[in-house]
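[1] model the structure of this input:
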Amino acid sequence: MTTMTEGSVREFKMPDVGEGLTEAEILKWYVQPGDTVTDGQVVCEVETAKAAVELPIPYDGVVRELHFPEGTTVDVGTSIIAVAVGGAAAEAPAQEAAPAPPEAEEKKPEGRQPVLVGYGVSTSATRRRPRKVTQAPDAQTAPAAAAIQAEMNGHGPAPAPAGGERPLAKPPVRKLAKDLGVDLATVVPSGPDGVITREDVHAAVAPGRTPEQPAAPAAVTPAPAPAAAASYDTARETRVPVKGVRKATAAAMVGSAFTAPHVTEFVTVDVTRTMKLVEELRQDKEFAGLRVNPLLLIAKALLVAIRRNPDVNASWDEAAQEIVVKHYVNLGIAAATPRGLIVPNIKDAHAQTLPQLAGSLGELVSTAREGKTSPAAMQGGTVTITNVGVFGVDTGTPILNPGESAILAVGAIKLQPWVHKGKVKPRQVTTLALSFDHRLVDGELGSKVLADVAAVLEQPKRLMTWA
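    Model (predicted):
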């Protein structure tokens with residue numbers, strides 16, 4: 001995770017914050033060059049394909065350089081920040097405290113220029129930074145208040161451009177400019193802090209496209225077509241890069257849909273008694289301080305159904321050509337977050353009492369909404385519940401979470417006319433949908449599971465008799 005040079009400058013590398021993750025996007029820096037950091041202090045927030053994670057630094061020192069700006073996707077194992085520790089850390093403030101003699105500052109790098117390690121790292125940092133963030137030296141001489149403000153807003157003086165330096169643009173924008181033959185030095189930036197955007201590149205290429213294309217053969221002539229369509233980027237279309245949670249979700253859903261043969265069954269059930277039980281539990285002292293809602297009893301009903309039909313709690317091992325039956329239930333709950341759909345799960349949900357399950361559900365939901373769900377919380381799920389009823393829809397045909405055998409969709413609970421004890425009465429009704437992997441779950445087994453869930457919700461006393 002860290003690399004140490006002879007001059008006591010440590011390079012903190014992007015760690016693997018989940019199983020098998022290869023990259024992460026830097027969402028926000030909490031420190032800037034010249035800031036003092038302590039062991040365990042959070043220096044940045046990154047977003048992986050699974051969640052947003054805060055990264056703590058594992059030692060004390062002074063920040064020498066941030067190797068990447070916010071919004072950059074970095075491979076695991078790549079150094080993202082340089083921190084001076086020990087004697088090198090003491091030297092950094094000394095350099096900042098002497099802004100008066102600029103000539104001396106210029107001579108120091110010249111004396112150390114031949115050195116490739118040790119103090120040479122400091123020299124390299126100050127010479128490399130102007131390519132990306134040209135005001136880093138000014139930031140070191142800024143007042144403490146400015147440093148604090150930079151830390152609070154996550155930007156600081158680093159992004160400010162300087163004339164004659166390398167234009168500021170994100171890697172995708174640079175690639176676009178290269179593909180279209182546009183010199184970024186000639187583009188007028190319109191983004192914040194002088195950053196060149198995709199729209200700036202398209203605006204620059206529109207009038208100058210003709211001289212860039214003649215060198216290409218006639219067959220390449222259709223290439224300008226995307227440039228014409230690019231005008232819609234600002235007028236009628238918005239292009240959003242596929243990354244992070246959205247990228248992982250897309251890959252998982254495509255993989256699941258075209259790997260596991262899905263079957264979905266539906267049942268409409270009277271849940272009036274369940275809703276009455278929810279109200280009673282809210283008054284029970286055992287549930288004081290806990291969130292009690294219909295999802296709690298639906299989750300318990302599914303756990304009871306799995307206990308009665310354990311073969312549904314399994315996974316398909318393609319490599320070994322085996323069905324792996326799980327003797328535990330890690331209950332996944334699909335959660336919509338600002339960053340996209342995630343499915344954290346409650347470990348060993350089958351062993352929890354109803355109050356314990358209520359506490360686990362409450363913690364899972366609040367953590368997901370805050371964007372603090374850890375990658376570990378989204379691994380190892382066995383079955384999932386998705387509550388589409390909160391959006392007012394009746395039900396859906398959910399796609400399996402990869403590696404799982406079943407997913408239960410819960411529709412909106414509505415007051416509807418229902419035949420109850422021979423008479424038509426207004427009752428609270430919902431529709432359930434169970435999708436399952438037909439490779440390992442036959443229609444009979446899937447039907448039994450769904451019927452058991454419905455039976456428990458119709459007569460909640462079965463929670464006691466069947467459990």
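[2] residue 275 contacts residue 427, doesn't it?
    No. In this structure, residue 275 is not within contact of residue 427 by CB atoms under 8 Å, at 9.6 Å. Where you see a C-beta, it was placed from the backbone N, CA and C, and this is true even at glycine.
[3] need the overlap of contacts for these two.
    Taking CB atoms under 8 Å, 6 or more residues apart in numbering as the contact criterion, no residue touches both residue 275 and residue 427.
[4] pLDDT below threshold where in the stretch 201-350 of the chain?
    For the stretch 201-350 of the chain, the stretches with pLDDT under 70 are 206-234, 245-246, 258.
[5] can you pull out the strands in it?
    For the stretch 201-350 of the chain, the strands defined by DSSP state E, counting those that start in this stretch cover 262-270, 314-317, 322-325, 331-333, 335-337, 340-342, 345-346.
[6] can you add distance to residue 407 and mean neighbour count and give these back as a markdown table?
    Putting the strands of the stretch 201-350 of the chain into a markdown table (distance: least, CB to CB, whole Å; neighbours: other CB atoms under 10 Å) gives the following:
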| stretch | distance to residue 407 | mean neighbour count |
| --- | --- | --- |
| strand 262-270 | 9 | 17 |
| strand 314-317 | 13 | 18 |
| strand 322-325 | 17 | 14 |
| strand 331-333 | 8 | 24 |
| strand 335-337 | 14 | 16 |
| strand 340-342 | 12 | 17 |
| strand 345-346 | 12 | 24 |
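[7] and those strands: which comes nearest residue 36?
    Relative to residue 36, the nearest member of the strands of the stretch 201-350 of the chain by CB to CB is strand 335-337, separated by 33.6 Å.
[8] which helices and strands does the closest one pack with?
    Applying 3 or more CB pairs under 8 Å, 6 or more residues apart in numbering; DSSP states H and E, we find strand 335-337 packed against helix 354-369.
[9] in the helix it packs on, which residues are buried?
    The neighbour-count criterion (16 or more other CB atoms under 10 Å) identifies 354-355, 357-362, 364-365, 367-368 as the buried residues of helix 354-369.
[10] one more: stretch 415-432?
    Of the residues in stretch 415-432, those buried under the neighbour-count criterion (16+ other CB under 10 Å) are 418, 427-432.
[11] for that stretch, what is the distance to the chain centroid?
    41 Å (CA atoms, centre = their mean, to the nearest Å).
[12] what does it rub up against?
    266-272, 275, 389, 394-395, 408-414, 450, 453-454, 457.
[13] filter the residues you listed down to just the buried residues.
    Of these, these count as buried by 16+ other CB under 10 Å: 267, 269-272, 275, 389, 394-395, 408-413, 450, 453-454, 457.
[14] quick one, what contacts the closest residue to residue 306 other than its chain neighbours?
    What sits nearest to residue 306 in space, not counting adjacent residues and going by CB to CB, 6 or more residues apart in numbering, is residue 313, at 5.1 Å. Contact partners of residue 313, counting by CB under 8 Å, 6+ apart, are 306, 325-326, 329, 382-383, 405-406.
[15] recalculate using a threshold of 10 Å.
    303, 305-307, 324-330, 350, 382-383, 404-406, 441, 449 (CB atoms under 10 Å, 6 or more residues apart in numbering).
[16] need the buried ones from these selected in PyMOL.
    Those of these that count as buried under 16+ other CB under 10 Å are selected in PyMOL with:
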select buried, resi 303+305+306+326+329+330+350+382+383+404+405+406+441+449
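[17] ends of stretch 179-196, what's the gap?
    15 Å (CA to CA, to the nearest Å).
[18] ok, the nearest residue to residue 291 once chain neighbours are set aside to residue 194 distance?
    Leaving aside its chain neighbours, residue 291 sits nearest to residue 362 (4.4 Å; criterion: CB to CB, 6+ apart). Counting by CB to CB, to the nearest Å, the gap from residue 362 to residue 194 is 45 Å.
[19] what's the single longest strand in the chain?
    Assignment by DSSP state E gives strand 423-437 as the longest strand of the chain.
[20] strand partners of that strand, parallel vs antiparallel please.
    Partners of strand 423-437 in the sheet, by DSSP bridges, are strand 262-270 (antiparallel), strand 406-410 (antiparallel), strand 414-420 (antiparallel).
[21] and that strand, how far out from the chain middle?
    Worked out by CA atoms, centre = their mean, strand 423-437 lies 34 Å from the chain centre.
[22] average model confidence for that strand?
    Over the span of strand 423-437, the pLDDT mean works out to 96.
[23] which other helices and strands contact the helix or strand just after that strand?
    Where DSSP states H and E defines the elements, the next helix or strand beyond strand 423-437 is helix 443-458. Here helix 443-458 touches strand 262-270, helix 272-283, helix 294-308, strand 406-410, strand 423-437, helix 462-465, going by 3 or more CB pairs under 10 Å, 6 or more residues apart in numbering; DSSP states H and E.
[24] which among those is found nearest to residue 31?
    Closest approach to residue 31 among the helices and strands packed on helix 443-458 (CB to CB): helix 294-308, 40.2 Å.
[25] quick one: the closest one to helix 354-369, angle?
    120 degrees (axes from the mean of the first three to the mean of the last three CA atoms, to 10 degrees).
[26] buried ones in helix 294-308?
    Buried residues in helix 294-308, counted by 16+ other CB under 10 Å: 294-306.
[27] same question, stretch 380-393
    In stretch 380-393, counting by 16+ other CB under 10 Å, buried: 381-389.
[28] ok now it, how far from the chain's centre?
    Taking mean C-alpha positions (CA atoms, centre = their mean), stretch 380-393 and its chain are 19 Å apart.
[29] just the C-alpha atoms of it, please, in CSV.
    Extracted C-alpha coordinates of stretch 380-393, given in CSV (Å, rounded to 0.1, in the frame of the first residue of the first chain):
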residue,chain,number,x,y,z
GLY,A,380,-21.9,-13.1,-0.1
GLY,A,381,-25.6,-12.6,-0.5
THR,A,382,-27.8,-15.6,-1.0
VAL,A,383,-31.3,-14.2,-1.7
THR,A,384,-32.6,-10.7,-2.2
ILE,A,385,-35.7,-8.6,-1.6
THR,A,386,-36.5,-5.5,-3.7
ASN,A,387,-39.3,-3.3,-2.6
VAL,A,388,-40.6,-1.6,-5.7
GLY,A,389,-43.8,-0.8,-3.9
VAL,A,390,-42.2,2.3,-2.4
PHE,A,391,-42.4,3.8,-5.9
GLY,A,392,-46.2,3.1,-6.2
VAL,A,393,-45.9,0.3,-8.7
